[in-house]
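A.B. asks: Could you look at this predicted model? Sequence included:
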Amino acid sequence: MFFLQLMLGSLLLPPMMSSGFRHSLSMWLTHISGPTQFPEFSAVLMLDDIQVGYYDTNIDQILKVGGGGEKGAELDLGQLTLDVLQEIVMEMRMRLDMVRKQLNLTSPGVYVQQRMGACGVQEDGQPYFIMVRDGANGHDADSIHFNTTHFLYSGGDGWDFQFDTKREVYEQMRFKTFLTLCGLTLRNLLKSEKHLVMRRVRPRLRLLSQPGGGGAQITCLATDFYPRHINLTLLRDGEPVDEEEMTVGSVLPNGNGLYQLRKTLVVDEEELQRKHKYTCAASHLSLDNRLDVSWRAESFHSFRVYAISAPVVLVVVVVLLGVIMCV
């Protein structure tokens, strides 16, 4: 559950672009204590929302996952990055013991500690922030946020550990070093994976309508676009429909490295009789102009021609066969 929360939380990183934030590098780390078939320690490396690397203590090297080059080959991020990873392995071992004591997790068995670390750079490529968040066995432990001017520590449920002044100064110096290293690694990856993170894939836009509940369900759907930021609007006679009237989904992965988003409006028979014109419109970085597709509502009965029952299909088939035989 905690790892899922972290993964969902990572989706909050890209929207910071609006305040000068440009790209992020994040690492998702898992340490398992106890007898399992999994590596004791593993890490997934993400550039923005793209997985680019994988590491575990069995292979003891960072492997390339996506992008250019040979998949599964070593991803060369420099010996210093590998040294930091190995240092984090030792730290997380000690950290899990500490967390277990704090959260009173004393019974024998398998225990899992998870950590998400991320850094971001601004438009000019300068490091902007770094953060680390820890959890153990589904419990939120603590987190640290650091940028060039602020150091913020916060504890989770049941976690009452606090830094003294000396420890806080040490951690600030340590995180300043990590911020510099993470920023350097991020810039190097942006160069090698530029074709992925800088790509622009136009959305496929559709306006779907189907009968239901005595009226109709109108869905504005955008699929297969990248990057994930999109402005999708459903208009009624040229005016935006209030989002409180609709069911608005989240931007979801499409399973192919691209994204999808849908907004659905339910209208009744009386609304259909007014024969409004509905337009699904999208603005996206891949588009020079707004993309839109329209549909004009008819009465409820106009939808029924698309819902052909089995007996009707059978009659149509028999008629067609008769025509063919006559010919």
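C.D. replies: Ah, there it is. Numbers count the residues shown, from 1 in each chain.
A.B. asks: only C-alpha atoms for contact and neighbour calcs from this point on.
C.D. replies: Will do.
A.B. asks: Next, Ile88: secondary structure please.
C.D. replies: What DSSP: H, G, I helix; E, B strand; the rest coil gives for Ile88 is helix.
A.B. asks: ok, now which ones touch it?
C.D. replies: Residues near Ile88 by CA atoms under 8 Å, 6 or more residues apart in numbering: none.
A.B. asks: per-residue confidence for it?
C.D. replies: pLDDT recorded at Ile88 is 86.
A.B. asks: gap between it and Ala43?
C.D. replies: Ile88 is 11 Å from Ala43, where distance means CA to CA, to the nearest Å.
A.B. asks: which residues are common contacts for the two?
C.D. replies: Shared contacts of Ile88 and Ala43, counting by CA under 8 Å, 6+ apart, come down to nothing at all.
A.B. asks: roughly how far is stretch 246-261 from the heart of the chain?
C.D. replies: Mean C-alpha position of stretch 246-261 versus that of the full chain (CA atoms, centre = their mean, to the nearest Å) differs by 9 Å.
A.B. asks: end to end, how far does it reach?
C.D. replies: 13 Å.
A.B. asks: State the mean pLDDT of that stretch.
C.D. replies: Mean pLDDT, stretch 246-261: 91.
A.B. asks: Could you check that stretch and say which residues are buried?
C.D. replies: With burial defined by 16 or more other CA atoms under 10 Å, the residues of stretch 246-261 counted as buried are Met246, Val251, Pro253, Leu258, Tyr259, Gln260, Leu261.
A.B. asks: who does the helix or strand the last one falls within touch, helix- and strand-wise?
C.D. replies: In the assignment (DSSP states H and E), Leu261 maps to strand 259-268. Here strand 259-268 touches strand 215-225, strand 246-248, strand 252-253, going by 3 or more CA pairs under 8 Å, 6 or more residues apart in numbering; DSSP states H and E.
A.B. asks: and Gln113, which of those strands is closest to it?
C.D. replies: Nearest to Gln113 among the helices and strands packed on strand 259-268 is strand 252-253 (26.3 Å), distances taken as CA to CA.
A.B. asks: re the thing from before, Val169: which of the helices and strands packed on strand 259-268 is closest?
C.D. replies: Ranking those by their distance to Val169 (criterion: CA to CA) puts strand 252-253 first, at 40.6 Å.
A.B. asks: Report the strands that pair with that closest one, each with its relative direction.
C.D. replies: Strands that pair with strand 252-253, judged by DSSP bridges, come out as strand 259-268 (antiparallel).
A.B. asks: and the angle for the partner strand with strand 215-225?
C.D. replies: 170 degrees (axes from the mean of the first three to the mean of the last three CA atoms, to 10 degrees).
A.B. asks: How far does strand 259-268 sit from its chain's centre?
C.D. replies: In terms of CA atoms, centre = their mean, the centre of strand 259-268 is found 20 Å from the chain centre.
A.B. asks: And the helix or strand following it, what does it pack against?
C.D. replies: Going down the chain from strand 259-268, the next helix or strand is helix 269-273, by DSSP H and E. For helix 269-273, the packing partners by 3+ CA pairs under 8 Å, 6+ apart come out as strand 215-225.
A.B. asks: How about Leu29: what's its closest non-neighbour residue?
C.D. replies: In this structure, Leu29 finds its nearest non-sequential neighbour in Ala43, 4.3 Å apart by CA to CA, 6 or more residues apart in numbering.
A.B. asks: hey, where'd the helices end up in the stretch 151-300 of the chain?
C.D. replies: 165-192, 194-197, 269-273 (DSSP state H, counting those that start in this stretch).
A.B. asks: so where's the stretch 1-150 of the chain shaky on pLDDT?
C.D. replies: Along the stretch 1-150 of the chain, the model assigns pLDDT under 70 to residues 1-21, 66-72, 123-125, 127.
A.B. asks: one more time with 50, if that's ok
C.D. replies: Within the stretch 1-150 of the chain, the set of residues satisfying pLDDT under 50 comprises 1-21, 68-69.
A.B. asks: all strands for it, in order.
C.D. replies: Remark: strands assigned in the stretch 1-150 of the chain by DSSP state E, counting those that start in this stretch are 21-33, 41-47, 50-56, 63-64, 111-122, 127-136, 139-147.
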